[in-house]
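In: Below are the sequence and a predicted model for it; my questions follow.
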Amino acid sequence: MKVVIVGGVAGGATAAARIRRLDEHAEVIVFERSGFISYANCGLPYYIGDVITDPEDLTLQTPQSFYSRFGIKMKVRHEVCAIHPERKSVSVKNLETGEEFEENYDKLILSPGAKPTQPPVPGTESEKLFTLRTVEDTFRIKEYIKKNYPQSVVLAGGGFISLELAENLRDLGMDVTIVQRPRQLMNPFDADMASFIHSEMRRHGVKLALGHTVEGFEEREGGITVLLKEEQPIHADMAVLAIGVTPDTHLAEEAGLKLGIKGSIVVNDRMETSIPDIYAVGDAVQVKHYVTGHDALISLAGPANKQGRIAADNVCGGDSRYTGSQGSSVIKVFDMTAAATGINETNAKKAGLDVDKVILSPMSHAGYYPGGKVMTMKVVFEKETYRLLGAQIVGYEGVDKRIDVLATAIHAGMKAVELKDLDLAYAPPYSSAKDPVNIAGFMIENISKKILNQFYLEDIKDLAGDGNVTLLDVRTEREYGRGHIEGFKNIPVDELRDRMSEIEKGKPVYVICQSGLRSYIATRILAGNGYETYNFAGGFRFYDAVMNDRCLIESATACGMDQQNT
């Protein structure tokens, strides 16, 4: 059996190694257009920022090491120019010599990946404008910084690459501005949770221009000017285009393979394309979202590696299946960690799901053990069925642990109420006896049993002018004095039983505290005395963070850029 693989890196290299482990005698050839067959794509921004200092640390395997271990020919700087399914061959060009030839195959695996999205705007050919996708891109940016000592940069886009670059370039001392058409960074997160990411970026001096559209680039005054729609342009020494990626599938299209979203390759759960003996994996393929079942594009390293393994199994006569992508991800944002899995509330509603959520602010470990830090968790689930749909967490410690537990729970098909039953490891330096994931389950169980009724940030505006309800803040007088929502009366929770006469009977009571715990206790006291009660999801800490962020974005829109660092 002869297998040709187009593209290395995650999916292609994984498939090649797996084939060899399953079939010692298969002939396997990998053609890779770039000069690198297996590299740490996610580590590229950290090399630019000098966190990773040795360029060899980025290359996980070389053609020589791969051949020595697996007996597989890795042909770098070889570009596959065409696929000929009718005669089961590919046309290949050696980019170093110019030689062109055909290579036949019994099985073909496509792993072309994706390319940086290039918007149809003028100026994208500027030598001061960069993209970051490959090792060569990384070296190009690194060399430019070493030679030109740029003091400022504009990053167009607000996803993973942009945020990682922002941190690393800021650590190099550069003035960093992120321009993003949506009014938030990191689309896997809901806007309310993204507000904590925004705050961390501002705290480290990154300027945010959210809600602005890039219309072009112009080289001026020794630098580059980023042109914005209906706004003043932003000038910098360099710019990076990081607005997303597009599946690199022109070969598949020309060969007649069925295509899907954004020109991605349509595959079944065996990673087979519409043409027999041709498989496809990685960022170029359309997958099913594990939670919604809808077609999706999810460009992450984890799914690409799994798909490469599955394609290899099936090439070798097995029957492995890809169950779908869940979108589990984590990112370092300066001192903060932000992570998500499944779908967020926004996308769940777009998918037509009837959803609810809990928002909590637990400590990363036992409160009595020194060094604990608050995290913010949002868990989304389906009403009535209590199917667990997704989660988002931002914090400083223990975020990755909790998101992985929640990702596993979603994959296992657990109900949201069952989170309370998970038996998770506990020691004071690492967790609490009631882990944050358990606490989310307790809250959801209380909702299911009608013990807990919630109201949300989006309800505040309507409640403020409603004379038929009572708005109650049960924090201490000192906390209340430092900031509160207009219209909320202050009665500390520990005084509530003695001051019950101050709360009018017959009116629903909407209660808030700093994090949601004391207000929940207050609702139970009130409910026990005949009141209809609602607890604010997330607490005043959450409300304050989101509203401050919205105000900054609004003021930035008015003046053209977010200049405030909080």
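Out: Thanks, I have the structure now.

In: Show me what the lengthiest helix in the chain is packed against.
Out: When the chain is parsed with DSSP state H, its longest helix is helix 539-559. With contacts defined as 3 or more C-beta pairs under 8 Å, 6 or more residues apart in numbering; DSSP states H and E, the packing partners of helix 539-559 are helix 191-203, strand 207-210, strand 509-512. For glycine as for every other residue, the C-beta is placed from the backbone atoms N, C-alpha and C.

In: Looks like residue 487 contacts residue 471 (just checking).
Out: Yes - applying C-beta atoms under 8 Å, one finds residue 487 in contact with residue 471, separated by 5.1 Å.

In: Compare these two (neighbour count), which wins?
Out: residue 471 (21 against 15; other C-beta atoms under 10 Å).

In: quick one: contacts for that one?
Out: 463-464, 485, 487-489, 509-510, 512 (C-beta atoms under 8 Å, 6 or more residues apart in numbering).

In: between these, which has the most around it?
Out: Result: residue 512 is most packed of the contacts of residue 471 (other C-beta under 10 Å), 28 neighbours.

In: Residue 293 versus that one, what's the distance?
Out: Residue 512 sits 37 Å away from residue 293, going by C-beta to C-beta, to the nearest Å.

In: just residue 474 next, same as before
Out: 42 Å.

In: what does residue 404 give?
Out: According to C-beta to C-beta, residue 404 and residue 293 sit 23 Å apart.

In: Looking only at neighbour counts, state which of these two leads.
Out: Neighbour count, other C-beta under 10 Å: between residue 404 and residue 293, residue 404 has more, with 14 against 10.

In: Give me the pLDDT for residue 556.
Out: Predicted confidence (pLDDT) at residue 556: the value is 69.

In: Now do stretch 258-274: distance to the chain's middle.
Out: Computed by C-alpha atoms, centre = their mean, to the nearest Å, the chain-centroid distance of stretch 258-274 equals 23 Å.

In: so where's this protein shaky on pLDDT?
Out: Across the chain, the ranges flagged by pLDDT under 70 are 39-40, 60, 556-566.

In: mind listing the strands for the stretch 351-500 of the chain?
Out: Applying DSSP state E, counting those that start in this stretch to the stretch 351-500 of the chain gives strands spanning 355-360, 376-382, 388-395, 454-455, 470-473, 489-490.

In: relative to helix 191-203, how tilted is the first one?
Out: I take that to be strand 355-360. Using axes from the mean of the first three to the mean of the last three C-alpha atoms, to 10 degrees, the direction of strand 355-360 lies 40 degrees away from that of helix 191-203.

In: Now do strand 355-360: everything it contacts.
Out: 345, 348-349, 376-383, 389, 436, 439-440, 443-444, 447, 454, 456, 515-516, 537-539, 542.

In: make it 7 Å
Out: Contact partners of strand 355-360, identified using C-beta atoms under 7 Å, 6 or more residues apart in numbering, comprise 345, 348-349, 377-383, 389, 436, 439-440, 443-444, 447, 516, 537-538, 542.

In: closest to residue 152 among the contacts of residue 471?
Out: Residue 152 has its nearest neighbour among these in residue 485, at 38.8 Å by C-beta to C-beta.

In: about what we covered before: counting neighbours, which bits of the longest helix of the chain end up buried?
Out: Going by neighbour count (16 or more other C-beta atoms under 10 Å), the buried part of helix 539-559 is 539-540, 542-546, 548-550, 552-553, 556-557.

In: for it, the distance to its chain's centre please.
Out: 22 Å.

In: Convert the C-alpha atoms of it to PDB, please.
Out: Coordinates of each C-alpha in helix 539-559 appear next as PDB, following Å, rounded to 0.1, in the frame of the first residue of the first chain:
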ATOM      1  CA  GLY A 539     -23.300  39.200  41.800                       C
ATOM      2  CA  PHE A 540     -22.300  42.900  41.800                       C
ATOM      3  CA  ARG A 541     -18.700  42.000  41.000                       C
ATOM      4  CA  PHE A 542     -19.800  40.500  37.700                       C
ATOM      5  CA  TYR A 543     -22.300  43.400  37.000                       C
ATOM      6  CA  ASP A 544     -19.600  46.000  37.700                       C
ATOM      7  CA  ALA A 545     -17.000  44.400  35.500                       C
ATOM      8  CA  VAL A 546     -19.400  44.000  32.500                       C
ATOM      9  CA  MET A 547     -20.900  47.500  32.900                       C
ATOM     10  CA  ASN A 548     -17.500  49.200  33.200                       C
ATOM     11  CA  ASP A 549     -16.300  47.400  30.100                       C
ATOM     12  CA  ARG A 550     -19.400  48.400  28.200                       C
ATOM     13  CA  CYS A 551     -18.900  52.000  29.200                       C
ATOM     14  CA  LEU A 552     -15.200  51.900  28.100                       C
ATOM     15  CA  ILE A 553     -16.200  50.400  24.700                       C
ATOM     16  CA  GLU A 554     -18.900  53.100  24.300                       C
ATOM     17  CA  SER A 555     -16.500  55.900  25.100                       C
ATOM     18  CA  ALA A 556     -13.900  54.400  22.800                       C
ATOM     19  CA  THR A 557     -16.400  54.300  20.000                       C
ATOM     20  CA  ALA A 558     -17.100  57.900  20.600                       C
ATOM     21  CA  CYS A 559     -13.500  59.000  20.500                       C
END
